[in-house]
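[1] Give me a 3D structure for the following:
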Amino acid sequence: MSDHSDDNNLPEFDPDYRGLRRDADKGREPQIVVGRLGRRMVSLAALVEQVEAAFLDEYDADSPALLEADTAPKRVKLILESAEYVFSVESVTLSNKERAQVISRAYSNLFSYGSLDVYFLDESVTTIALDGPDKAAVRYGHGEFTPVGPLFQDQAQYERIIRRMLLDAGSELRPDQPIMEVGLTAGQRPVCLNLVAPPVTMQLTADIRVHPPTVPSLNDLVDTGFMTNKAAELLRAIITSPHGVMVVGEPVSGKTTLLNTLVNLLPEKGLVAVQRAGELRLPAGATNLVARWPVGNVPGVTFGEQISHALGDEPACLLLDEVRADEPHSIAPLLETPDSPRQIWSFRGTVFAKRLQSALGMLARRADFGQGEEMVRALYERLPFVLSVINLNGQLRLWSVAEWQFRDSPDYPTYVLLMQTESGELKFTGERPACDLPLPETFWG
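    A predicted model of the protein is given here:
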C-alpha cells in the first residue's frame, strides 16, 4: 500500500461525499464491475468487504496512524489508501461515483453505523426497529412502521454495529444486562437505543428512537398541529411559574418533544436533569446526570442513584426523564424531603384521569408503605400540573392540560381539566387553576 496520499485527491466528504451515503445499501442487489483485466466480475459489496479487511489488517486499534486520525477527512484518507490497494489487486477501473460508494460504505461500517447511517440522515425517520440482521422496519414521522430490506450482511456485522453504538453511548453488550436503554448522538440527532438480548429473547433486537436535530419552539408545535396558540400561552405560563409539572404519555406520544421545548424556557441557573438516556437538549448552564450501565469492572449508576446525587446539589429545579411505575423507590426522596426543589417529570403512563390517578397513587404508596397516603399527597402537591400527550392517528397532540386541586377534601385531590380535546379540538373547559399563573384574567375568555 502507498505510504503517502495527497489530501487534494480525497473524495469530497462533507457535504457532497457524505450525501452519497443516502443511496448506500438500499438493498442487497449486487452492483457488478469488471476486474482482473476482464477475466473476473466483482461486486461493489465485495470490494467494500475487501477494503474493510485490508484496512483492519493495516491498522489495529492501537495503531498510531489510526489514533491520530481524529477527524472524518483523516479517516477517509486512511481508507482511501486501503481502497487503492484493493482496486489495484483486483485490477478494477471504477467511476468516481463508484469509488465514492465503496469508500463511503467502508467508512460507515468501520467508523459509523453502517446501513443505519442513511436513516439517521433522513430527518423524516423517527424510529428504526431491528429484529436480528435480516428484519428491519422504519417509522417515518409518527405513523406505522414500514418494512425495509435487510440492512446487514450477517449476524457478525449486525452485532458489530450494535456494539459500536453501545460504545459511543458509554456502555457495552454483556450477558448480565440483556435489557438496556442508552443514549448517544448520531450526526446532530439525539438517539435512544433500547436493546433486548438473549436469554430474554431468541434474537438480539433493537428499537432506536431518533429525535430532530433542533428543538422545536412552542410556535413550531402550534404550526405542526401539536397544540393551539392558547394552549401554548398556557404552557408557557405554567413552565415559567414556580409550580411542579408532569408530562404524561405512552411511548412515542411526544413526551420528549414537548419536554425538550419546555425545558428550554426554564432559567439555566439551578437546573439539574436526571435522564435515563440523555435524550433532552438542555440549556447550556444546566447540570445533566444520566444513568450509566456497568462497563467492565466499573459499576453502573442507576436512575435512582442519580436522583440522590441531584438532590445533593440542592437544585432550584429538578427535571426527571422519565419516571416509571416499576421504580417507586427511586422517587421516594423527592416526596419525603421537606424542602424538595421544584420538580418537572416525564411519566410513562395513560392520559386518562382515573387510570392515571390509580397509577400515580400506587407509585407513591409503594415508594414508602409506612407513610403511603402522605407520599400520595406530597406527589400531587409537588406536581400539580399535568400535561397529557397522545399519538392520535400518527399525529402527536397535546391531549389535555389539568391540575390536581384539593377542592372537596384536604387529603384527596380532584383531577381538574383546564383544557381538553373534544371532537379532535383542544378547548377550554371553563375551569380555572388553583395555583397562581402569570396570565391576565382576559386570557380565560
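[2] mind listing the strands for the stretch 151-300 of the chain?
    Per DSSP state E, counting those that start in this stretch, the stretch 151-300 of the chain has strands spanning 179-186, 189-196, 205-210, 245-249, 271-275, 287-290. These are given in chain order.
[3] Between the ones you listed, which one is closest to Ala136.
    Smallest distance to Ala136 across those (C-beta to C-beta): 9.4 Å, for strand 205-210. All C-beta spots, glycine's among them, are computed from the backbone N, C-alpha and C.
[4] Would you give the sheet partners of the closest one, along with the direction of each?
    Listed by DSSP bridges, the sheet partners of strand 205-210 and their directions read strand 125-131 (antiparallel), strand 189-196 (antiparallel).
[5] Just the CA atoms of that strand, as PDB, please.
    C-alpha atoms of strand 205-210 as PDB (Å, rounded to 0.1, in the frame of the first residue of the first chain):
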ATOM      1  CA  THR A 205     -33.400  -6.800  19.000                       C
ATOM      2  CA  ALA A 206     -33.100  -3.000  18.900                       C
ATOM      3  CA  ASP A 207     -35.600  -0.200  19.000                       C
ATOM      4  CA  ILE A 208     -33.900   3.000  18.000                       C
ATOM      5  CA  ARG A 209     -35.700   6.400  18.600                       C
ATOM      6  CA  VAL A 210     -34.300   9.200  16.600                       C
END
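[6] contacts for that strand?
    Identification of contacts with strand 205-210 by C-beta atoms under 8 Å, 6 or more residues apart in numbering yields 116, 119-120, 125-132, 162, 186, 189-197, 252, 256, 279.
[7] Check the offset of it from the chain's centre.
    Strand 205-210 sits 9 Å away from the centroid of its parent chain (C-alpha atoms, centre = their mean, to the nearest Å).
[8] tell me the angle that strand makes with strand 179-186.
    40 degrees (axes from the mean of the first three to the mean of the last three C-alpha atoms, to 10 degrees).
[9] Show me the longest strand that occurs in the chain.
    Here the longest strand in the chain is taken by residue count, with DSSP state E as the criterion, and it is strand 395-405.
[10] following that strand, which helix or strand shows up next?
    The element immediately downstream of strand 395-405 (helix or strand, assigned by DSSP states H and E) is strand 414-422.
[11] Centre of the chain to that following strand, how far?
    With C-alpha atoms, centre = their mean as the basis, strand 414-422 stands 30 Å off its chain's centre.
[12] And stretch 381-396, by the same measure?
    The chain centre lies 19 Å from the centre of stretch 381-396; the measure is C-alpha atoms, centre = their mean.
[13] how about it as CSV, C-alpha atoms only?
    Extracted as CSV, the C-alpha positions of stretch 381-396 are listed here (Å, rounded to 0.1, in the frame of the first residue of the first chain):
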residue,chain,number,x,y,z
GLU,A,381,-48.9,18.9,45.9
ARG,A,382,-45.4,19.0,44.3
LEU,A,383,-46.6,18.2,40.8
PRO,A,384,-49.9,20.0,40.5
PHE,A,385,-50.0,20.5,36.7
VAL,A,386,-50.4,17.6,34.3
LEU,A,387,-49.8,17.9,30.5
SER,A,388,-51.0,14.8,28.7
VAL,A,389,-49.8,14.0,25.2
ILE,A,390,-51.0,11.3,22.7
ASN,A,391,-50.3,9.9,19.3
LEU,A,392,-53.6,10.3,17.5
ASN,A,393,-53.6,8.5,14.1
GLY,A,394,-49.9,9.3,13.5
GLN,A,395,-50.2,12.9,14.8
LEU,A,396,-48.6,13.9,18.1
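[14] Name the residues of it that are buried.
    With burial defined by 16 or more other C-beta atoms under 10 Å, the residues of stretch 381-396 counted as buried are 382-391, 396.
[15] Any regions of the stretch 1-150 of the chain where pLDDT drops low?
    Applying pLDDT under 70 to the stretch 1-150 of the chain picks out residues 1-40.
[16] coming back round to it: just send the buried residues of stretch 381-396 back as JSON lines, with distance to Thr71, secondary structure and pLDDT too.
    Formatted as JSON lines, the buried residues of stretch 381-396 follow (distance: C-beta to C-beta, whole Å; DSSP: H, G, I helix; E, B strand; the rest coil; pLDDT from 0 to 100):
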{"residue": "Arg382", "distance to Thr71": "47", "secondary structure": "helix", "pLDDT": "95"}
{"residue": "Leu383", "distance to Thr71": "45", "secondary structure": "coil", "pLDDT": "96"}
{"residue": "Pro384", "distance to Thr71": "50", "secondary structure": "coil", "pLDDT": "97"}
{"residue": "Phe385", "distance to Thr71": "46", "secondary structure": "strand", "pLDDT": "98"}
{"residue": "Val386", "distance to Thr71": "47", "secondary structure": "strand", "pLDDT": "97"}
{"residue": "Leu387", "distance to Thr71": "42", "secondary structure": "strand", "pLDDT": "97"}
{"residue": "Ser388", "distance to Thr71": "45", "secondary structure": "strand", "pLDDT": "97"}
{"residue": "Val389", "distance to Thr71": "40", "secondary structure": "strand", "pLDDT": "96"}
{"residue": "Ile390", "distance to Thr71": "43", "secondary structure": "strand", "pLDDT": "94"}
{"residue": "Asn391", "distance to Thr71": "39", "secondary structure": "strand", "pLDDT": "91"}
{"residue": "Leu396", "distance to Thr71": "37", "secondary structure": "strand", "pLDDT": "93"}
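[17] got the CA coordinates for the lengthiest helix in the chain in PDB?
    When the chain is parsed with DSSP state H, its longest helix is helix 72-90. Output in PDB follows, covering the C-alpha atoms of helix 72-90 (Å, rounded to 0.1, in the frame of the first residue of the first chain):
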ATOM      1  CA  ALA A  72     -13.500  12.300   9.200                       C
ATOM      2  CA  PRO A  73     -11.200  13.500   6.400                       C
ATOM      3  CA  LYS A  74      -8.200  11.900   8.100                       C
ATOM      4  CA  ARG A  75     -10.000   8.600   8.400                       C
ATOM      5  CA  VAL A  76     -11.200   8.800   4.800                       C
ATOM      6  CA  LYS A  77      -7.600   9.300   3.800                       C
ATOM      7  CA  LEU A  78      -6.600   6.000   5.500                       C
ATOM      8  CA  ILE A  79      -9.500   4.200   4.000                       C
ATOM      9  CA  LEU A  80      -8.500   5.600   0.500                       C
ATOM     10  CA  GLU A  81      -5.100   4.000   0.800                       C
ATOM     11  CA  SER A  82      -6.600   0.600   1.600                       C
ATOM     12  CA  ALA A  83      -9.100   1.100  -1.300                       C
ATOM     13  CA  GLU A  84      -6.400   1.900  -3.800                       C
ATOM     14  CA  TYR A  85      -4.500  -1.200  -2.800                       C
ATOM     15  CA  VAL A  86      -7.600  -3.400  -3.300                       C
ATOM     16  CA  PHE A  87      -8.500  -1.700  -6.600                       C
ATOM     17  CA  SER A  88      -5.000  -2.400  -7.900                       C
ATOM     18  CA  VAL A  89      -5.000  -6.100  -6.800                       C
ATOM     19  CA  GLU A  90      -8.400  -6.600  -8.400                       C
END
